[in-house]
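Asks: Quick one, structure for this:
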Amino acid sequence: MHADTQPLLRFGVIADPQYAAVEPNLVLGRYYANSLTKLAEAIETFNAEDLAFVVTLGDIIDRDWQSFDAILPLYERLRHVRHFLLGNHDFRVEPERLVEVFARVGMPGAYQTFAATGWRFILIDGNEVSLFAPPPGDPRLAVAERWIETLKALGADNAQPWNAALGDRQFAWLEAALHKAETAGERVVVMGHYPVYPPNAHNMWDSERIVDLFGRYENAVAYFCGHNHDGNYGLVGGTHFVNIKGMVETPDTTAYAIVEIHADRIEIRGYGRETDRTLALTTVTPRLAASASR
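Replies: This is a model prediction of the structure:
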């Protein structure tokens, strides 16, 4: 029995609605058109709760620019602040539309950070170095080719064309954001579309360097992602890695969650296929004195 019953804050999480007005893929078990009904139900649940925000962890659509026109209006019913990440399927649009996707969903930038109730949230763009998000002729495409060829040579399970990596500039930005939060005494939740741990065929190409980075910051307490529709969970040091299950799976069973942050734990209340979890938080040791002595 926990002494505190009221969380510091709550937020809603959705992964992979992957909407498209197409027939189901029975082999993969994906029912694309049914996500409109599932999303409407999730929004109704969220609207009945006191939430700081709701985040969708990418793959809002499965394909086609016009799919945004059908699913985004549902989010207008949401009474809470909403944040979007993009996934690989969000870029399955006409090549000339690739540079417009972020603006289409109202994102202020490809990656961002914001604070809520003394906590820091960092939303990364896992599509930055990929074979699908950069427009034709973008130099990041060549970098992506080198990434995947190197991983293939190593026999890596995640050497898949539907995975991706952070660019070096964004990786440096992420490290700087973690350091700034540490100096400010903020605990951090990072969110991305792609898993980075445990090892899996769906993980980012540069998952190892991201996990290593989190290991250098005690305040990086959780990483939430989607992409792997089966969901997953792992713990490295004091960082919990939570892979939310894909909403698009199954004909009529949904998947989403409400996350409650307490001083000593994170409680995940799963709906539909999503799993309930209690994630214990370790005590963060301030490094302010060490920083001041440099």
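Asks: Spatially central residue for the chain, please.
Replies: Compute the mean C-alpha point of the chain, and by C-alpha atoms, centre = their mean the closest residue is G192, 2.9 Å away.
Asks: and H202, how many neighbours does it have?
Replies: When neighbours are defined as other C-beta atoms under 10 Å, H202 has 22 of them. Heads up, the C-betas are built off the backbone N, CA and C, glycines and all.
Asks: got it, and W205?
Replies: Other residues lying near W205 total 23 when counted by other C-beta under 10 Å.
Asks: Please read off the pLDDT at it from the model.
Replies: pLDDT recorded at W205 is 98.
Asks: ok, now which ones touch it?
Replies: Applying C-beta atoms under 8 Å, 6 or more residues apart in numbering, we find W205 in contact with V129, W147, I148, L151, N158, A159, N163, A164, A165.
Asks: tell me the secondary structure for the second one?
Replies: The reference is to W147. Three-state call for W147 (DSSP: H, G, I helix; E, B strand; the rest coil): helix.
Asks: And the helices in the stretch 101-250 of the chain?
Replies: 101-104, 140-153, 168-183, 207-215 (DSSP state H, counting those that start in this stretch).
Asks: Buried residues, the first one. List them.
Replies: Looking back up the chat, that one is helix 101-104. Buried residues in helix 101-104, counted by 16 or more other C-beta atoms under 10 Å: V101, F102, R104.
Asks: Using TSV, lay out those residues together with distance to D138 and pLDDT.
Replies: Below are the buried residues of helix 101-104 laid out as TSV (distance: C-beta to C-beta, whole Å; pLDDT from 0 to 100):
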residue	distance to D138	pLDDT
V101	14	98
F102	14	97
R104	18	97
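Asks: Closest one of these to L85?
Replies: Top of the list for closeness to L85, among the buried residues of helix 101-104 and by C-beta to C-beta, is F102 at 10.4 Å.
Asks: Surely that closest one and F91 touch.
Replies: No: applying C-beta atoms under 8 Å as the test, F102 and F91 come out as separate, 10.3 Å apart.
Asks: could you pull out the strands for the stretch 101-250 of the chain?
Replies: Under the criterion DSSP state E, counting those that start in this stretch, the stretch 101-250 of the chain contains strands at 112-116, 119-123, 187-191, 220-225, 232-236, 239-243.
Asks: neighbouring strands for the longest one, and are they parallel or not?
Replies: Paired strands of strand 220-225, with direction, are strand 187-191 (parallel), strand 239-243 (parallel) (DSSP bridges).
Asks: got it, and the second one?
Replies: In its sheet, strand 119-123 lies beside strand 112-116 (antiparallel), strand 187-191 (parallel), with partners assigned from DSSP bridges.
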